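Peer 1: Pasted the sequence and its predicted model underneath.
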Amino acid sequence: MLHIEFVTDLGAHVTVDVESADKLLDVQRQYGRLGWTSGNVPTGGYQFPLDNEQDFDWSLIGARKWTNPEGEEMVMHRGLAYRRRELEAVDSRKMKLPAAVKYSRGARGTDPEHVREKADGEFEYVTLAIFRGGKRQDRYAVPGGRAAPAPQQAARPAPSRPQPVAARAAPVAVEEEETPF
Amino acid sequence: MLHIEFVTDLGAHVTVDVESADKLLDVQRQYGRLGWTSGNVPTGGYQFPLDNEQDFDWSLIGARKWTNPEGEEMVMHRGLAYRRRELEAVDSRKMKLPAAVKYSRGARGTDPEHVREKADGEFEYVTLAIFRGGKRQDRYAVPGGRAAPAPQQAARPAPSRPQPVAARAAPVAVEEEETPF
Amino acid sequence: MLHIEFVTDLGAHVTVDVESADKLLDVQRQYGRLGWTSGNVPTGGYQFPLDNEQDFDWSLIGARKWTNPEGEEMVMHRGLAYRRRELEAVDSRKMKLPAAVKYSRGARGTDPEHVREKADGEFEYVTLAIFRGGKRQDRYAVPGGRAAPAPQQAARPAPSRPQPVAARAAPVAVEEEETPF
Amino acid sequence: MLHIEFVTDLGAHVTVDVESADKLLDVQRQYGRLGWTSGNVPTGGYQFPLDNEQDFDWSLIGARKWTNPEGEEMVMHRGLAYRRRELEAVDSRKMKLPAAVKYSRGARGTDPEHVREKADGEFEYVTLAIFRGGKRQDRYAVPGGRAAPAPQQAARPAPSRPQPVAARAAPVAVEEEETPF
Amino acid sequence: MLHIEFVTDLGAHVTVDVESADKLLDVQRQYGRLGWTSGNVPTGGYQFPLDNEQDFDWSLIGARKWTNPEGEEMVMHRGLAYRRRELEAVDSRKMKLPAAVKYSRGARGTDPEHVREKADGEFEYVTLAIFRGGKRQDRYAVPGGRAAPAPQQAARPAPSRPQPVAARAAPVAVEEEETPF
């Protein structure tokens, strides 16, 4: 038996029993769809292989894709919106970095020091996830091979698996306030 | 089986077993009525849709509505009183914000830095919850459709569900000291 | 089933299963008599109604009453002694505060910033509990209606309930060092 | 049923079920002999009665006695060595303190501020335990009345109780680096 | 029954039940191979005997050996790469230190203060583990007596023990960015 600790969409601390280790990612997906998260975002953001970016299952970390009115791809995580940015490969004498995709937001006054990263000038930002290099992990993908699951989400038939609580809170329409990045 | 962690009204750390996920909010309501809380107030306060404000069930977060002698609507949470304020919509070139309702209190000397928000001048405050935008979540409402549950609370018949501890501590009559806001 | 987390008198982290919610305060009393505590002292100290002060059951928070050689009423909590002080009611234009009883000690060099409160001059102190206003909660009282339980404690017959560990450590005789207040 | 949380000698976080409260100290001894600890050292160090010093069972806090090549009595706790020092009684007008025995080490650059205590000059140290005043607690003693258990430890017959992991890591021979005190 | 808390490769907080204490290291190896860790790296790094260095089982702490394209021996732990360095014995009048092997990386801007160690000049680094002195602990070795397990890892036959999740994320190819050391 395993037990996974979540922070629910209401901020409550709830542990869920999991029958066996091979059911763990299913449980993370099930509750992640409700906005529940387990653990903290690692300093510098989650690191995933670049080849997982296209069909990454954001429910695994309690997040969800979302296209804002301006048509930008965003990810909502714990009530904050992160914007998708493509980073070109760097191949200078000083540094060699493969291409990457990063989901980040501008830092807020209440963000602790150790999650802030410096950008140009005085601008600071916070990274949710970075996809770079590595080897694709199929287990991180949206189940069923959907390439772009986010838009279909609203039309997706109700899952047969019981939904613990009715539905995830709709995104509050003011995240832009928090994401000048 | 799920397990939810609470801090009781006496400050004790207690975990309660919950049979299934669809019982979770019931358990949060049951113990929240006693002033038990689970998890911390998110930085910047809980975010809820504006349409949930009128009949929001404050027991979900271990809080309770309360009208002070001056007739102001207050919310009591972990022994501190937060005052209801209506924020008008902002529609300037720099910022667009829908109308909101905010429950906040003046900052106290012992509040940690990351929960303090700046207001005009040197005044700092702390937000418990903000209701803004979004789409109403019925599951956040007081069960039974009561529009204004707080006043009836005293007259409410004893719930058939067993009460773990006799009754929640009556609000100490000096919260005003802490809420110059 | 509930589970309550304690820090034992030896500083160990121990969780105790509790059959049902109505047994919780009993378990807190049982282990609190050994000096076990659950959770942290709230910032600014525990808040209780004034009418609970006379027969407050200090075992509920892992503390115990104690009269020092000078005849002063003290409370011992996690190896530190707090002194009882009566605060008169304040009724000025700036502030209205009912009478209160406070248990506090002088701050120590190792106390974190957020628990220190300023007094006159450079003196800082730390509050364990304040009794003020509110409505008496019978469940906080020493069971059996004893008005002043502390002196009888030594002569109290051995409880029929099994004692988990032999006896609580006797107070080390040097707390005065820590309590210049 | 009780459950005690340990940090193992490998730094892992492991909880052990304990059948009943009267078995708790046995379990602390059993795992403490492997260097497992539960909870943190209290700020200022553990406080024990002076009369417990001679036959104190250091396994209760995951520590172990050890005589260094210079013949000094040391205690090893979480990979750090603490040196035994006898403090004479103080009987001045300003302060009255009974005699004590203290186990402490010099502060390291990575020690957090709140555990550092000032000594003469700029020297800072960290206390593991102080034995002073109080009334002897037999339950803190090495079981079986051994007055000086440490030297015999190597020759001690294998306990009938199963040993969870083979044996505790032998002390790394370089603790002196950390203990200029 | 024991229960060990892990942070999974996805950052989730998961507890795994362990039947008995003698199975604990097996469980740590099983999940450690997936990059799961339990507890934090001790300040200053894990301390192990020098004689354990050659066949140390890095899965015990959720790490894994890895030879980089330059042929250097590295250890990957929670997405960061640490470089192997041999430290010669010191035998001066001021200090006596036996030879050691250290796994460390350069400090990153987001590393908290208390894990940074000063090197020459302004350079700071963070240590994962240091092997020095002490007495070999066989239980820390790769099971089966393999002297240098890392290279064979890819060709290792699938373990008969069920793998909870498919496979550990391949190392992202950009760790060099983080390890100027």
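Peer 2: The structure has been received and is ready for your questions.

Peer 1: switch to C-alpha atoms for all contacts and neighbour counts from now on
Peer 2: Noted.

Peer 1: which helix in chain A runs the most residues?
Peer 2: Of all the segments of type helix in chain A, defined by DSSP state H, the longest one is helix A:24-32.

Peer 1: right, and the helix or strand after it?
Peer 2: strand A:46-48 (DSSP states H and E).

Peer 1: Contacts only, for the closest residue to chain C within chain A.
Peer 2: The minimum distance from chain A to chain C, using CA to the nearest CA, falls at A:Thr15 (12.9 Å). Contact criterion CA atoms under 8 Å, 6 or more residues apart in numbering or on different chains gives A:His3, A:Ile4, A:Glu5, A:Phe6, B:Leu2, B:His3, B:Ile4 as the residues in contact with A:Thr15.

Peer 1: sec struct for the residue sitting furthest away from the middle of chain A, please.
Peer 2: Here the centre of chain A is the reference, and by CA atoms, centre = their mean the most remote residue is A:Arg93, at 32.8 Å. Taking DSSP: H, G, I helix; E, B strand; the rest coil as the rule, one finds A:Arg93 in the coil state.

Peer 1: Likewise for A:Arg139?
Peer 2: Following three-state DSSP, the label given to A:Arg139 is helix.

Peer 1: separation between it and A:Asn52?
Peer 2: 9 Å (CA to CA, to the nearest Å).

Peer 1: between the two, which one's more packed in?
Peer 2: The neighbour count for A:Arg139 versus A:Asn52, taken as other CA atoms under 10 Å in any protein chain shown, is higher for A:Asn52 (21 against 16).

Peer 1: Provide a list of residues in contact with that one.
Peer 2: Taking CA under 8 Å, 6+ apart as the criterion, A:Asn52 is in contact with A:Phe131, A:Arg136, A:Gln137, A:Asp138, A:Tyr140, A:Ala141.

Peer 1: one more time with 10 Å, if that's ok
Peer 2: Shown here is A:Asn52, whose contacts under the criterion CA atoms under 10 Å, 6 or more residues apart in numbering or on different chains are A:Phe131, A:Arg132, A:Gly133, A:Gly134, A:Lys135, A:Arg136, A:Gln137, A:Asp138, A:Arg139, A:Tyr140, A:Ala141, A:Val142.

Peer 1: which non-adjacent residue is nearest A:Lys102?
Peer 2: If the residues on either side of it in the chain are set aside, A:Lys102 comes closest to A:Ile130, at 4.4 Å by CA to CA, 6 or more residues apart in numbering or on different chains.

Peer 1: Tell me how many other residues crowd that neighbour.
Peer 2: A:Ile130: 23 surrounding residues under other CA under 10 Å.

Peer 1: which helices and strands sit right next to whichever strand or helix holds it?
Peer 2: Secondary-structure element containing A:Ile130, defined by DSSP H and E: strand A:124-132. In terms of contacts (3 or more CA pairs under 10 Å, 6 or more residues apart in numbering or on different chains; DSSP states H and E), strand A:124-132 is packed against strand A:46-48, strand A:73-77, strand A:80-87, strand A:100-106, strand A:117-118.

Peer 1: can you do 8 Å?
Peer 2: strand A:46-48, strand A:100-106, strand A:117-118 (3 or more CA pairs under 8 Å, 6 or more residues apart in numbering or on different chains; DSSP states H and E).

Peer 1: and those strands as CSV, adding mean neighbour count and mean pLDDT?
Peer 2: Supplementary listing: these in CSV, determined by neighbours: other CA atoms under 10 Å in any protein chain shown; pLDDT from 0 to 100:
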stretch, mean neighbour count, mean pLDDT
strand A:46-48, 23, 94
strand A:100-106, 21, 96
strand A:117-118, 14, 81
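
Peer 1: count of neighbours near the closest residue to chain D within chain A?
Peer 2: With CA to the nearest CA as the measure, A:His3 is the residue of chain A nearest to chain D, at 12.9 Å. Neighbour count of A:His3, defined by other CA under 10 Å: 24.

Peer 1: likewise A:Val18?
Peer 2: Other residues within reach of A:Val18, judged by other CA under 10 Å, total 22.

Peer 1: Contact partners for it?
Peer 2: If you count contacts by CA under 8 Å, 6+ apart, A:Val18 has them with A:Met1, A:Leu2, A:His3, A:Ile4, A:Leu24, A:Val27.

Peer 1: The last one: neighbour count?
Peer 2: This means A:Val27. Other residues within reach of A:Val27 by the criterion other CA under 10 Å amount to 17.

Peer 1: again, but for the second one
Peer 2: Counted with other CA under 10 Å, residues neighbouring A:Leu2 total 20.

Peer 1: the domain parsing of chain A - what is it?
Peer 2: Using automatic domain parsing, the domains assigned to chain A come out as A:1-39, A:44-153.

Peer 1: Most tightly packed of those domains?
Peer 2: Mean neighbour count, computed with mean count of other CA atoms under 10 Å in any protein chain shown, is highest for domain A:1-39 among the domains of chain A, reaching a mean of 21.
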